[in-house]
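In: Structure, please.
(one chain, ligands or ions: 1)
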Amino acid sequence: MGIEKIRVSIGSAQKLGLTEKKIQDMVTTCYLMTYIPAKCMANCGFCPQSRSSKSSLDKLSRISWPIFPLKEVLTKLKYLLPSKKFKRICIQTLNYPENFNDLIELVPKLKESTSSPISAAIPPMEKEQLRRLKSVGTERVAISLDAATPSIFKEIKGEGVNGPYKWEDHNDLLLKARDIFTDWKVSTHLIIGLGETQREMVKRIEKLRKLKIIPGLFAFMPVKGTKLENMKRPNIITFRKIQLARYLLIVQNKAIENITFNQKGEIIHFNMNDNTLWNIIDQNEAFMTTGCPGCNRPYYTSSPLGPVYNFPRKLTKREKEEIYNQLKSYIKL
Ligand code: SF4
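Out: Reported below is the predicted structural model:
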């Protein structure tokens, strides 16, 4: 019978003209989620879609994802004004038995309606399935580690929550995906604030750089009804330090030795002067959303009321000054 319905993030639905609801910043990627009338088979402690969460089925992170007829979404995509064209289409896929078949059907249909490149954020799949995904036109895939360390992964996505995932399998699959989709065409999501130290997160980013896999940073967001609903959001200074570290390692290809940690695993300074820090901030990129090119995820893990962890757009002068003040005591040359 084929796919009839699809979930669309509220910001993407607005840009497509599927809803009147207004959000502050326009999405640059069209975020879609395959529809199933049930929860995910996995049980990640932070996720409202997880098997045992009591959150609304309409949510992923803090965003709502209303359901629309696929036909209507494809038509809207096809006739979108060139000025509104998305930089990317992202299909989020939960863990359920038909997820691969749904993707194989969906990607070619999307390609008939848009020339924007397509990413698929997927749970682990077989190598052969990854090959098929590429052959039907998926440009990139993301397989989320979420956690910076094996022990946090086990506690939040694996055995600790009766979840199906294993750290080794996820990492193994990331490598297979990298070989199929090629260097820097595979992403993984990392959530800051799951109990890791700053050093552990920076070391994970460094490892991913060596593997030529893109790390996309997320701030932990407690969602009502999930296992981790009572956990705190990460400190904004911690998030800023990791954003800067990621920028130095991934974008500027600097050595990790330019970052100094204390015994508690906190970043105590970056090897740079005032001017360099200001220039990095002034170029925006370090503090904007990271992941696949063109992905900006407005308010995915930040409230419009702030604090804004990942900026979905260029920063204002006031925001740049604020970040400079947050980071200036962590630089030393
Ligand atoms: S980085 Fe963005 S576009 Fe890429 S898979 Fe993740 S959410 Fe989708």
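
In: On the three-state scheme, A120 is what?
Out: Per DSSP: H, G, I helix; E, B strand; the rest coil, the local secondary structure of A120 is strand.

In: typo on my end, H269
Out: strand.

In: Going forward, the N-terminal residue is numbered 7.
Out: That works, and once the first residue is 7, the last one we named lands at H275.

In: so what's it closest to, chain neighbours aside?
Out: K338 (4.2 Å; Cβ to Cβ, 6 or more residues apart in numbering). C-betas here are computed from N, CA, C, even on glycine.

In: distance of the one you found from the ligand?
Out: 32 Å (Cβ to the nearest ligand atom, to the nearest Å).

In: so after the lowest-mean-pLDDT helix or strand in the chain, what's the next helix or strand?
Out: The least trusted helix or strand in the chain, going by mean pLDDT, DSSP states H and E, turns out to be strand 65-66, with a mean of 62. The element immediately downstream of strand 65-66 (helix or strand, assigned by DSSP states H and E) is strand 69-70.

In: Let me see the mean pLDDT of that next one.
Out: Computed over strand 69-70, the mean pLDDT rounds to 78.

In: Identify the bridge partners of S193.
Out: With beta bridges defined as DSSP bridges, S193 has these partners: A148, I220.

In: residues contacting it?
Out: S193 sits next to S125, R146, V147, A148, I219, I220, P221, G222, G297, C298 when contact means Cβ atoms under 8 Å, 6 or more residues apart in numbering.

In: could you pick out which of those residues are near the ligand?
Out: S125, A148, G222, G297, C298 (Cβ under 6 Å from any ligand atom).

In: which of the residues you listed sit farthest apart?
Out: S125 and G222 (10.4 Å; Cβ to Cβ).

In: residues in the stretch 207-339 of the chain within reach of the ligand, list them.
Out: So far as Cβ under 6 Å from any ligand atom goes, the stretch 207-339 of the chain lies against the ligand at G222, G297, C298, C301, R303.

In: Could you check the pLDDT of the last one?
Out: The reference is to R303. According to the model, R303 carries a pLDDT of 90.

In: Which residues are in contact with it?
Out: R303 touches V33, T35, Y37, T295, G297, N316, P318, counting by Cβ under 8 Å, 6+ apart.

In: same question, the first one
Out: Residues near G222 by Cβ under 8 Å, 6+ apart: A148, S193, T194, H195, L196, T295, T296, G297, C298, C301.

In: Apply 7 Å and report the result again.
Out: By Cβ atoms under 7 Å, 6 or more residues apart in numbering, the contact set of G222 is S193, H195, T296, G297.

In: Just name the closest of the contacts of S193 to the ligand, please.
Out: In terms of Cβ to the nearest ligand atom, no member of those lies closer to the ligand than G297, at 2.3 Å.

In: Skip the chain neighbours and tell me the closest residue to that closest one.
Out: G222 is the one closest to G297 (Cβ to Cβ, 6+ apart), at 2.9 Å.

In: quick one: secondary structure of that neighbour?
Out: G222 ends up strand, using three-state DSSP.

In: related to what we said a few turns ago, need the contacts of G222 in CSV with pLDDT, can you?
Out: Formatted as CSV, the contacts of G222 follow (pLDDT from 0 to 100):
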residue, pLDDT
S193, 98
H195, 97
T296, 97
G297, 97
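
In: Separate out the buried members of those.
Out: S193, H195, T296, G297 (16 or more other Cβ atoms under 10 Å).

In: Which two among the contacts of R303 are spaced furthest apart?
Out: Largest pairwise distance in the contacts of R303, by Cβ to Cβ, is 14.1 Å, between Y37 and N316.

In: and these two? which has more neighbours close in?
Out: Y37 (27 against 23; other Cβ atoms under 10 Å).

In: Let me know whether that one touches C96 as I believe.
Out: Yes - Y37 is within contact range of C96, at 5.1 Å (criterion: Cβ atoms under 7 Å).

In: give me the element the closest residue to T25 other than its chain neighbours is part of.
Out: Distances taken as Cβ to Cβ, 6+ apart place A19 nearest to T25, at 4.6 Å, with adjacent residues excluded. Using DSSP H and E, A19 sits within helix 16-22.
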